[in-house]
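Colleague: structure for this input, please:
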Amino acid sequence: MCKVELRAFPSSRMQLEPITMPDLRRASEIMEAYANARFDFVDCCIMALAERLTITQICTFDHRDFSIFKPTHCDFLELMP
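Modeller: Below is the predicted model of the structure:
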């Protein structure tokens, strides 16, 4: 399950990952490559982070965008829930 209450973050073992300048450049590349799909900026940043961190599972309700995206580090992203 990917539901996490925000107030639980300080006491959880969850780690926040900063978005780097290379991530922003990659997000921009993704937005340009998929311009017709009209991906939003936040989704593109998540896609860039997934590539950098070699994450293959994404928790999202936006299955459309993430199912269209072809990551560079794997064949596809496994979408949850």
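Colleague: from now on I want contacts and neighbour counts done on CA atoms only, so please keep to that.
Modeller: Will do.
Colleague: how far away is Ala50 from Ser11?
Modeller: According to C-alpha to C-alpha, to the nearest Å, Ala50 and Ser11 sit 24 Å apart.
Colleague: go on, Phe76?
Modeller: 32 Å.
Colleague: which of those two has more residues huddled nearby?
Modeller: Neighbour count, other C-alpha atoms under 10 Å: between Phe76 and Ser11, Phe76 has more, with 15 against 7.
Colleague: not counting residues beside it along the chain, what's closest to Arg26?
Modeller: The shortest distance from Arg26 to any non-neighbouring residue, by C-alpha to C-alpha, 6 or more residues apart in numbering, is to Ala48 (5.8 Å).
Colleague: quick one: that neighbour and Thr20 touch, right?
Modeller: No: Ala48 is beyond contact range of Thr20, at 9.7 Å (criterion: C-alpha atoms under 8 Å).
Colleague: between these two, which one's more packed in?
Modeller: A direct count of neighbours by other C-alpha under 10 Å for Ala48 and Thr20 places Ala48 higher, at 26 against 12.
Colleague: and the pLDDT at the residue lying farthest from the centre of the chain?
Modeller: When distances are taken from the C-alpha mean of the chain, Ser11 lies farthest, 23.7 Å away, according to C-alpha atoms, centre = their mean. The score at Ser11 is 80. That number is its pLDDT.
Colleague: now do the same end-to-end measure for stretch 51-62.
Modeller: Span of stretch 51-62 from end to end, C-alpha to C-alpha: 18 Å.
Colleague: what does stretch 66-81 give?
Modeller: 13 Å.
Colleague: list the contacts of that stretch.
Modeller: With C-alpha atoms under 8 Å, 6 or more residues apart in numbering as the test, stretch 66-81 has contacts from 1-2, 34, 43, 47, 51, 54, 56-61, 63.
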